[in-house]
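Chemist: have a look at this fold, sequence not included:
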């Protein structure tokens, strides 16, 4: 029964995560309710996200909605951030990351009401000093804490005038890179409970495929409200956990 529940947790979380980020809204609280240790739950999430995000990226790439060049630009930056975050996680106070998460998500929510975040453009992704620094920072945050990293990446790509489906593809390859880096750390320290992690992973792969198919049908004016709702829910969840 536990394996079935984890499959559906992975499915629901990754469907949401593919569309707007915020899959941790579902997966982490649900796994903790099932009694998984905190580090094992986070590790399972990182490992399953590594595989599922790569599968959803491949579908978008196969349909020529993103290029290998763009992916290869994002991967090393996010991978470095994820590895850095995984290392920092062992001695970073959770309270610090909670405060940082609230600040980042609140800032993203406020800026979404300003111009330039409507996925209006058809530009290809090009790394600048500013965008590279932002991706590296999101990778570190994802490696240490995680909830909302995909959402933050989507806000970043929207401000860079990328289309929604390209932004989804790039956010998935970013999540793959940073989660792969973080997974190395969690696996090396023996935090992974493999049977439960594999059940979560199978559900995540299924959810990733559904999420990509839904993303293609969304109109750009429908995306921003979804992002805002997910952002508010993420902030509420983090605040409740912090004060709880």
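Modeler: Received, thanks. Remember, it's a predicted structure, so these values are computed and weren't measured experimentally.
Chemist: apart from its chain neighbours, what residue comes closest to the most centrally placed residue in the chain?
Modeler: Central residue of the chain (CA atoms, centre = their mean): residue 150, 3.2 Å from the mean position. Distances taken as CB to CB, 6 or more residues apart in numbering place residue 21 nearest to residue 150, at 2.9 Å, with adjacent residues excluded. C-betas here are computed from N, CA, C, even on glycine.
Chemist: distance check, the one you found against residue 136.
Modeler: Residue 21 sits at a distance of 17 Å from residue 136 (criterion: CB to CB, to the nearest Å).
Chemist: in the worst-scoring helix or strand of the chain on mean pLDDT, what's buried?
Modeler: Within the chain, no helix or strand scores below helix 94-111, which has a mean of 81 by mean pLDDT, DSSP states H and E. Residues of helix 94-111 classed as buried: 97-98, 100-102, 104-105, 108-109 (neighbour count, 16 or more other CB atoms under 10 Å).
Chemist: kindly report the same for stretch 47-64.
Modeler: 47-57, 59-61.
Chemist: picking up where we left off before, neighbour-wise, which of residue 21 and residue 136 wins?
Modeler: For residue 21 versus residue 136, the count of surrounding residues by other CB atoms under 10 Å is larger for residue 21: 28 against 20.
Chemist: show me where pLDDT drops low in the protein?
Modeler: 90, 94, 115-117, 244 (pLDDT under 70).
Chemist: break down this protein into its helices, ranges please.
Modeler: Applying DSSP state H to the chain gives helices spanning 2-20, 24-33, 38-62, 68-88, 94-111, 129-144, 149-159, 164-188, 194-217, 220-243.
Chemist: for residue 122, find the nearest of these.
Modeler: helix 164-188 (8.0 Å; CB to CB).
Chemist: which strands and helices sit next to that closest one?
Modeler: In terms of contacts (3 or more CB pairs under 8 Å, 6 or more residues apart in numbering; DSSP states H and E), helix 164-188 is packed against helix 2-20, helix 38-62, helix 68-88, helix 129-144, helix 149-159, helix 194-217.
Chemist: what does the fifth one contact?
Modeler: Helix 149-159 is contacted from outside by 17, 20-23, 104-105, 108, 111-112, 116-119, 125, 131, 134-135, 138-139, 141-142, 164, 166-168, 170-172, 174-175, 178, 227, 230-231, 234, using CB atoms under 8 Å, 6 or more residues apart in numbering.
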